[in-house]
Structure formats: C-alpha cells, structure tokens
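Student: Predicted model follows, preceded by the sequence.
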Amino acid sequence: TCVLGHLHDTGCAEPLVLLVLTALALSAVLVRRHHTATRAVQQRRRIHSDVLEARLDELCSRQPSIMLHRELLVVVAADDLRTVGLIRPRVEIGDRAAEALDDAALSAAILHELEHVRGFDPLRFVLVSVCQAINPLSTLLGSELARWRTGREAACDEAAVHRGADPLALAQALVATARPSAKTSPSAAGLGHGGGMALLRLRVAL
C-alpha cells in the first residue's frame, strides 16, 4: 500500500514508524517474559549435599551421557526435577525428589531432563509464550501448542531411553515426581509437571 501511494516518494516514514513500534512491543514482551522466568528460577534455593553430590558422581561413572553434562546438574531444595535457563539451561535436582528415587530412576530422570537441555526447551517455550502474547489469533492455536509441548515430553522420554535410561525406572520416576495439576511454567521443563492425569498415563504406558 505504501509503494502504491508513494511510488516516487523515498521519504515515507510510516513503515519505519510501524517497524520501530513493533520492535519496541516485541522487546517489552520479551523482557517481561525473561524477567518472569528469571524470578521463577530464583525462587529455589541451591544447597550443597555431600551425600547427594557423591551419588551424582557415582551415577556419572555409570552413565557417560550424564558425565558429559555433570556441571549442569544443580542440587536445590525441592521435591521435583526441572530444566531451567534460557541461554544456559541447567537441570535442577530437588533433594527430596532424589531421596524418593532409587539410582536407576534418578538416572533416568536426569537423562530425560538433559534432553530438554539439548533442545533448549525453556527458551523455546518462552519464545512460544511471547508469540502467543503478541498475536491476538494465538488462542486458535492453543490446543496445538499444548500438544506440541506434550510431544516434547514424550520425545524426551524416548530419547532418554535410547541414551541408556531403563524404561521401567523412567516410569517410576514419572509417577514419583508427578504434579499433574501443577501449572506449567513457560520458562521451565519439569519431569512430571502439568498435563493432567491423561498425559501421565500415556507417558507411563509409552
């Protein structure tokens, strides 16, 4: 429309103004989402447990896929496992969750979370939420995006098994850390967070 209306005018400012306003809106939404994500991550307190650290070292000695990412495993005061961090993702291992899992289940859960790290899923989830925030038609794609996120969880389960996780141990970890009714955060990928009971049953069956 601008070209047709101002074919010989090289000083048309409307597209530039629209571009600047759109860029500012995108930046504001992204900063807000990043701030929300960072604040959610900071709510968890990192702890040092010699027993749990030694246990993680032992798991690394048995599982090369975990050993390669040992520096990304962080112990926190919590009852679940999740992957956080937009640019440098890491795996937060709750001390109470680790106590509730045997070595095989904990190893399987860590391998699942490391797949989220490899896929930069927290960043991808935040980018999706930004697109939803600025697009008024995104509500039409809500169910498809939910299925995509569900698919990512199932894909990480499958990849963890291919990397050496015991399938039954992974199912045990899913049940032990399940939070089906928990609100899914766009800034984190949790092993048993959200999705409802139907998704939990599907993943355990798979």
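Tutor: Structure received.
Student: Model confidence for S107, exactly?
Tutor: Per-residue confidence (pLDDT) for S107: 95.
Student: Now it: closest residue in space that isn't a chain neighbour?
Tutor: With sequence-adjacent residues excluded and distances taken as Cβ to Cβ, 6 or more residues apart in numbering, S107 is closest to L59, at 5.1 Å. Where C-beta positions appear, they are placed from N, C-alpha and C, glycine not excepted.
Student: Would you mark the buried spots in the helix or strand encompassing that neighbour?
Tutor: Following DSSP states H and E, one finds L59 within helix 50-62. Using 16 or more other Cβ atoms under 10 Å as the test for burial, helix 50-62 gives 52, 55-56, 59-60.
Student: What of stretch 133-150?
Tutor: 133, 149-150.
Student: how about low-confidence regions in the chain?
Tutor: Residues of the chain that meet the criterion pLDDT under 70 lie in 1-11, 33-43, 180-187, 194-195.
Student: about what we covered before: ok, the residue nearest to S107 touching A109?
Tutor: No - under the criterion of Cβ atoms under 8 Å, L59 is not in contact with A109, lying 10.5 Å apart.
Student: if we can go back for a sec, make CSV out of the buried residues of stretch 133-150 and add distance to C156 and secondary structure.
Tutor: Formatted as CSV, those follow (distance: Cβ to Cβ, whole Å; DSSP: H, G, I helix; E, B strand; the rest coil):
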residue, distance to C156, secondary structure
A133, 25, helix
R149, 11, helix
T150, 11, helix
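Student: Including distance to L72, could those go into JSON lines?
Tutor: Below are these laid out as JSON lines (distance: Cβ to Cβ, whole Å):
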{"residue": "A133", "distance to L72": "29"}
{"residue": "R149", "distance to L72": "22"}
{"residue": "T150", "distance to L72": "24"}
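Student: and which of the residues you listed is nearest H116?
Tutor: R149 (11.1 Å; Cβ to Cβ).
Student: Make sure the closest one is actually in contact with F125.
Tutor: Yes - in this structure, R149 is within contact of F125 by Cβ under 8 Å, at 7.0 Å.
Student: Give me the distance from stretch 69-83 to the chain's centre.
Tutor: The chain centroid and the centroid of stretch 69-83 are separated by 13 Å under Cα atoms, centre = their mean, to the nearest Å.
Student: and what of stretch 120-130?
Tutor: 8 Å.
Student: which parts of it are buried?
Tutor: Those would be 120-126, 128-130, for stretch 120-130 by 16+ other Cβ under 10 Å.
Student: of all the residues you listed, which comes closest to A13?
Tutor: V130 (27.2 Å).
Student: list the helices and strands the helix or strand hosting that closest one packs on?
Tutor: For V130, the element it lies in under DSSP H and E is helix 121-134. With contacts defined as 3 or more Cβ pairs under 8 Å, 6 or more residues apart in numbering; DSSP states H and E, the packing partners of helix 121-134 are helix 14-42, strand 81-84, helix 142-162, strand 188-190.
Student: List the contacts of that helix.
Tutor: 25-26, 29-30, 33-34, 37, 83-87, 89, 116, 138, 141-142, 145, 149, 152, 156, 186-189 (Cβ atoms under 8 Å, 6 or more residues apart in numbering).
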